[in-house]
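1. A structural model of the following input is requested.
(2 chains, ligands or ions: 3)
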Amino acid sequence: MTNKSNNSFNTWQKSFEKETKKNYRDAKSETDEGIDIKPVYTKDDLENFSFVENNSLPGQWPYTRGPKASMYTNRPWTIRQYAGFSTAEESNEFYKKNLESGQKGLSVAFDLPTHRGYDSDDDLVMGDVGKAGVAIDTVEDMKILFNNIPLDQMSVSMTMNGAVLPVLASFIVAGEEQGVDRSLLSGTIQNDILKEFMVRNTYIYPPEPSMKIVADIIEFTSKEMPKFNSISISGYHMQEAGADNVLELAYTLADGMEYVRAAMSKGLDVDDFAPRLSFFFAIGTDFFMEIAKLRAARTLWAKIMKDFGAKNERSLILRTHCQTSGVSLTEKDPYNNIIRTSYEALSAILGGTQSLHTNSFDEAIALPTDESARIARNTQLILQNETGVTKTIDPLAGSYFVESLTEELSKKAWDIIEEIEELGGMTKAVKAGIPKLKIEESATKKQAKVDSGSRVVVGVNKYKNPKEPSVDVRVIDNNRVRDDQIKKIQTIKESRDKLAVEKALANLTNAAKDETNLLAPCIEAVKLRATVGEVSKALEHVYGRHFAKSLSVSGVYGKHFEGDKDFMKVEKKVIDFENANGRRPRVLVVKIGQDGHDRGAKIVATSFADMGFDVDMGPLFQSPKDVAKDAIENDVHAIGVSTLAAGHKTLVPELMKALSNIDPKSKIIVFVGGIIPEQDYEFLYKNNVSAIFGPGSNIIECAEKVIDLISDNLSKE
Amino acid sequence: MELIENIQKGERAAIAKAITLVESSKDSDQQISRQLISELIKKPGKSIRIGFSGPPGVGKSTFIESFGSYLVTQNYKLGILAVDPSSQITGGSILGDKTRMVEISKNPNTFIRSTPSRGALGGISMGTREASIILDAAGYDFIFIETVGVGQSEIVASNLVDIFTLIVGPGSGDELQGIKKGITEYADIFIVNKNDGELKIEASKTAADYKSALSYYKKLDELEKQVLLVSAIEQTGMEDVIKTINQIVNQNKQKGIFEERRADQLEFWIEEEVKNIIASDITKRLTSKGNISKYSEKVMKNEMSMYEAVETITKDTLKQ
Ligand code: B12
Ligand SMILES: Nc1nc2c(ncn2[C@@H]2O[C@H](COP(=O)(O)OP(=O)(O)O)[C@@H](O)[C@H]2O)c(=O)[nH]1
Ligand SMILES: [Mg+2]
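-> Ligands and ions are numbered 1, 2, ... in the order given. So this is what the prediction gives:
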């Protein structure tokens, strides 16, 4: 610092301290990432960077400022809204309408049975068909999905990981039957299995064979589908599951490294496939942090790929899709979500994303309606057409603050990446369950901050709307969808060449044993109209199905509430309960069906335990019958069903039935948490649900209500 | 009692409620529980009780899932009591065993109960023994008791079962020296788990370490202790485990060791109950009198020696 600037800084500091009546040194605020944000940044902060280079340009090493030289000045980002529900017919209609209204690329959301490799007629998926995405059982469904959408012109992104083989195969065959050669198909398949084991939970096979499948797809597409992104390495789901930005960044890039290694182990040269790797990040409400994250991601990836020996410049460049954060959106006072999403979208743009999904304001209620989807889309159209943000590339470059933040995030993420490398890479770390646990810890901390009020969420824990608006909800009749799908499957099974299908499936099983590339035999089976479920089972014969072992954090929630009155009140109620009843209140927290949203269930379980409850934790994907058996054998006082994927109207009544089948006099009470549209409350209460806890519920309040309900119920004896 | 009938009919809810009673800290529950157990114990079933102990994370639950799946496909009925060590400072627990027993927990031929240990000795919770009596009466062929084994606690755990199994991980051979003696006395079978993938070599080495260590302590009249290699995850080695179990049970029965052990355990149990009652009674007397502080003051003021105080209080208390 020169003397002169030193003097002026000192003067500023004095004024600052006078105005705030605070010592400057104490005026920092700590982010979730553990980064201290200063009230002011200066030129001095730009010195001694080890990752960020101060004079770089867009499209140039280390690509901090963007993957392309011209960025949005030449072509704005792609508006790519993630959507899919019910049948292929209905989703196809929805897509076509959206494309007419200014959307540029498609992004398919599949339903959970498809994700997990079950056909719609499978008993295990009774409540899930078409509910949280579109049901695809065979290539016929895939063809309907893209009816009148020319696949040589439309880029299609598909969020598919577990059942990636039959689904990509169906897409290729659907293209071929439309008259489009696979080499002309453009788009992206998510194909990122590691984050499934960490947070998204739509895996099918164990980690090793799953990684092999990823590599098979990278190999196949690098040879035969030059315009298709073989993978979308996703941090998005990690942030949505509760990761802070450093964890999201580090784990995503570490995943990327693992995929590079997997592909190279197939004998591919890094430059053969690296240009087709793409990324996916979440954009939350921490405005500048998110901008810095995208800039840091590009910076670090360039370095990583250089170290892998990439020579082609395109191998060094990180291209990404982004989605605004769903978890930042609230059920309460839902129109606030339009505002949140707008800021997040701006953040993504300033960070230089290549494509973007903006969420609808009814995010925490149900799948978007036509109307809410229109507003979400328009958020981006307004940014593109009215605000002028496309005119200048990376406008925040040179900002003392943003550049420092970019550097600091890079550093922190790099430390974690090195740690994981020392452990032997992400596959190992994931198998040991470490990243998942870290993310859950971070999620639990965030919940504690909101519940304790130290983090303000407008309309939830402060500035509540006294007159909550009621909003329209998209309703999906899953029984109808299921019946339709079952009929379609039956028709196809009757008309196909049965022997040929059997042979193709046997070939596939053999290919899995031989460790040859699996996509080609999948394409053959799918062409003959083998179903997604059949193809998945053919592989399951060799690989088995994966069951996750779940670990739990403990003490993280409670630590935030030391000395808190409300928290201690519940603790005391628990002890009183134990003295009166000879044991603690015991609650079984479960997920039923294919719903893999476990963030809420895990947080509630650990928080309840911190307050002194005994909490039984069920595994994912239980049937109502499994849950009933578990609950009765452990003689729990209550079952807490956490349901977010809209299966509740089928699964909760099934659970009630299962309970009374085992024990007609069962006194176990049932309460429900998660995504429950208000319209369904009455239905659930009629089915003897004791209480419903929606998004944004304060967990201490939940716990108090639960213990009171249990006590009431016992006193009825 | 109607409850007894329902337990004997194998009704899930009845078994579960009975276990709640025996685990309960409420006096009135304990009274019913005593009646219940007294009745049930008169008509023992046919079950074999097997303890699986070992350090946290060694794969006990995973092994039970794997071995249990194997047994239920052979139509055995299987009761599982998992004592979960995860109690926290606050006393609440997250009981996550079932996330590691996904397959067997669905099976109608199983009954799985987790219990928080609350730091009780040996990782054995109050009521584990009684719970196994209930499952026995309900007609389960095998009763597995999963406990966390650390040092001394194995002794307590082994006192509840007919066969005591220690599960260890690859590379645990180093710890052998210190605990060798206790182990040979209390464990019948040593299972080296995680014999798969990269860990295979280490697992074999560990098994060899155990074998050689055990060879020193072989008693003449006793069966040779068995060391088995398994992978819970890959479900290998399970036939060996059941074969060994059957072998030991048969031989122990032939030699009368089986009955002898049960008699010893009953003796131990009675002794323990008596001690417990006396201890809790004494504690009550001591606290209700609240005069210890009176004596400690005297000791402080040098009016009395510390041991005089102890003696006086003891005499005083026992007299009542
Ligand atoms: C985070 C999230 C994800 C993460 C999940 C990470 C994880 N491991 O949990 C990711 C990104 C992976 C994900 C994926 C998908 N998601 Co999602 N996701 C969300 C999101 C944004 C937030 C959910 C959340 O975790 N909130 C934070 C937690 C703490 O809150 P909570 O679970 O609601 O719990 C609170 C209360 O509800 C209550 N509670 C809940 N459970 C219980 C239990 C008890 C016992 C008690 C007392 C209280 C209680 O207390 C908690 C504390 O306040 C919601 C939308 C939203 N804003 O809610 C969509 C949402 C649930 N997802 C949705 C969909 C469709 C999906 C996908 C199926 C998309 C697809 N087709 O591929 C996938 C598949 C996931 C799967 N395997 O099931 C839809 C479901 C639609 C519907 N119900 O009609 C939603 C509603 C978004 C939308 N509007 O479209 N998702
Ligand atoms: N490699 C390998 N890992 C195992 C095996 N059995 C269990 N594990 C892992 O060890 C960890 C602890 O298992 P768990 O059954 O919970 O152990 P417990 O605490 O002894 O009950 C989990 O991550 C399991 O996946 C096995 O046979 N092989
Ligand atoms: Mg265990």
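
2. show me what contacts the residue sitting nearest the centre point of chain A?
-> With distances taken as CA atoms, centre = their mean, residue A:237 lies nearest the centre of chain A, 2.7 Å away. Residue A:237 makes contacts with A:195, A:198-200, A:282, as judged by CB atoms under 8 Å, 6 or more residues apart in numbering or on different chains. Glycine gets a C-beta too; all of them are placed from N, C-alpha and C.

3. please redo it, this time with the cut-off set to 7 Å
-> A:195, A:199-200 (CB atoms under 7 Å, 6 or more residues apart in numbering or on different chains).

4. Can you narrow those residues down to the ones near chain B?
-> Among the contacts of residue A:237, no residue is within reach of chain B (CB under 7 Å from any CB of the partner chain).

5. Among those, which lie within helices?
-> By the criterion of DSSP state H, membership of these in helices covers residue A:195.

6. Low-confidence bits of chain A, can you list those?
-> Residue ranges of chain A with pLDDT under 70: A:1-2, A:717.

7. Need the contacts of residue A:237 in JSON lines (columns: distance to residue B:130).
-> Listed next are the contacts of residue A:237 as JSON lines, based on distance: CB to CB, whole Å:
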{"residue": "A:195", "distance to residue B:130": "46"}
{"residue": "A:199", "distance to residue B:130": "42"}
{"residue": "A:200", "distance to residue B:130": "43"}
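
8. Buried ones among the contacts of residue A:237?
-> Listed as buried from these are A:195, A:199-200; burial here means 16 or more other CB atoms under 10 Å in any protein chain shown.

9. Tell me the one of the residues you listed nearest chain B?
-> Comparing those against chain B with CB to the nearest CB picks out residue A:199 as the nearest, at 16.1 Å.

10. How about the residues of the stretch 51-200 of chain B by ligand 3?
-> B:60-61 (CB under 5 Å from the ion).

11. State which helix of the chain is the longest.
-> Reading this off chain A. Secondary structure assigned by DSSP H gives helix A:400-423 as the longest helix of chain A.

12. my bad, the chain I had in mind was chain B
-> Scanning chain B for the helix with the most residues, using DSSP H, yields helix B:257-289.

13. after that one, next one along is what?
-> The helix or strand immediately downstream of helix B:257-289 is helix B:292-300, counting by DSSP states H and E.

14. How far off centre is that next one?
-> How far helix B:292-300 lies from its chain's middle: 41 Å, per CA atoms, centre = their mean, to the nearest Å.

15. residues of it that come out buried?
-> When burial is assessed from 16+ other CB under 10 Å, helix B:292-300 yields the following buried residues: B:295, B:298.

16. Let me know the average pLDDT across the next helix or strand after it.
-> Next helix or strand after helix B:292-300 toward the C-terminus (DSSP H and E): helix B:306-319. Helix B:306-319 carries an average pLDDT of 88.

17. can you tell me which helix or strand the residue nearest to the centre of chain A belongs to?
-> Using DSSP H and E, the element containing residue A:237 is helix A:236-241.

18. Are that helix and ligand 1 in contact anywhere?
-> Yes. Helix A:236-241 is in contact with ligand 1 by CB under 6 Å from any ligand atom, via A:237, A:240-241.

19. Any residues of the stretch 51-200 of chain B in contact with chain A? List them.
-> Residues of the stretch 51-200 of chain B that fall close to chain A, judged by CB under 7 Å from any CB: B:86, B:88, B:90-96, B:98-100, B:102, B:105-106, B:111-114, B:116.

20. Go through those and flag which are in strands.
-> Counted as lying in strands by DSSP state E, out of those, are B:93-95, B:111-114, B:116.

21. show me what contacts the residue of the stretch 51-200 of chain A found nearest ligand 2?
-> Nearest residue of the stretch 51-200 of chain A to ligand 2 (CB to the nearest ligand atom) works out as residue A:197 at 12.2 Å. Applying CB under 7 Å, 6+ apart, we find residue A:197 in contact with A:203, A:207, A:430, A:548.

22. Tell me the one among the residues you listed nearest to ligand 3.
-> Taking CB to the ion as the measure, ligand 3 sits nearest to residue A:548 out of those, at 14.9 Å.

23. Run through the contacts of residue A:237 and flag the ones next to ligand 1.
-> Filtering those for proximity to ligand 1 (criterion: CB under 6 Å from any ligand atom) leaves A:199-200.

24. re the thing from before, with respect to residue A:355, which of the ones in strands among the residues of the stretch 51-200 of chain B next to chain A is nearest?
-> Among these, residue B:94 lies closest to residue A:355 (CB to CB), at 40.1 Å.

25. In the sheet, which residues pair with the closest one? Tell me.
-> Residues in a beta bridge with residue B:94, per DSSP bridges, are residue A:615.

26. What distance do you get for the closest residue to residue B:57 other than its chain neighbours to ligand 2?
-> Closest residue in space to residue B:57, ignoring its immediate chain neighbours: residue B:169 at 7.8 Å, by CB to CB, 6 or more residues apart in numbering or on different chains. Residue B:169 sits 8 Å away from ligand 2, going by CB to the nearest ligand atom, to the nearest Å.

27. repeat for residue A:429
-> Distance check for residue A:429 against ligand 2: by CB to the nearest ligand atom, it reads 12 Å.

28. Number of residues surrounding that residue?
-> Residues near residue A:429, counting by other CB atoms under 10 Å in any protein chain shown, number 24.

29. Let me know the helix or strand that it is in.
-> Per DSSP H and E: residue A:429 is located in helix A:426-432.

30. Summarise which helices and strands that helix is packed against.
-> Judged by 3 or more CB pairs under 7 Å, 6 or more residues apart in numbering or on different chains; DSSP states H and E, the packing partners of helix A:426-432 are helix A:194-195, helix A:207-224, helix A:245-264, helix A:400-423.

31. And for residue 100, the neighbour number?
-> Answering for chain A, as no chain was given. 8.

32. my bad, chain B
-> Residue B:100: 23 neighbours (other CB under 10 Å).

33. does it really touch residue B:64, like I thought?
-> No. At 8.1 Å, residue B:100 does not count as touching residue B:64 under the criterion of CB atoms under 7 Å.

34. Find the closest residue to ligand 3 in chain B.
-> For chain B, CB to the ion, closest residue to ligand 3: residue B:61, 3.4 Å.

35. State the pLDDT value of the closest residue to residue B:146 other than its chain neighbours.
-> By the measure of CB to CB, 6+ apart, the closest residue to residue B:146 outside its immediate chain neighbours is residue B:82, 4.4 Å from it. pLDDT, residue B:82: 92.

36. how close does residue B:82 sit to residue A:634?
-> Note on residue B:82: its distance to residue A:634, by CB to CB, to the nearest Å, is 10 Å.

37. And residue B:33, by the same measure?
-> For residue B:33, the distance to residue A:634 (CB to CB) stands at 17 Å.

38. now residue A:280
-> 40 Å.

39. before we move on, what about residue B:162?
-> Distance, residue B:162 to residue A:634, using CB to CB: 25 Å.

40. try residue B:277
-> 29 Å.

41. Likewise for residue A:655?
-> Computed as CB to CB, the residue A:655 to residue A:634 distance reads 15 Å.

42. who's more crowded, these two?
-> Taking neighbours as other CB under 10 Å, residue A:655 and residue A:634 compare with residue A:655 leading, 28 against 22.

43. tell me the contacts of the more buried one?
-> Residues near residue A:655 by CB under 7 Å, 6+ apart: A:592, A:624, A:627-628, A:641, A:670.

44. what's the closest of these to ligand 1?
-> Nearest to ligand 1 among the contacts of residue A:655, counting by CB to the nearest ligand atom, is residue A:641 at 6.9 Å.

45. So the closest residue to that closest one other than its chain neighbours, which state does it fall into?
-> Ranked by CB to CB, 6+ apart and with sequence neighbours excluded, the top spatial neighbour of residue A:641 is residue A:672, at 4.9 Å. Under DSSP: H, G, I helix; E, B strand; the rest coil, residue A:672 falls in the strand class.
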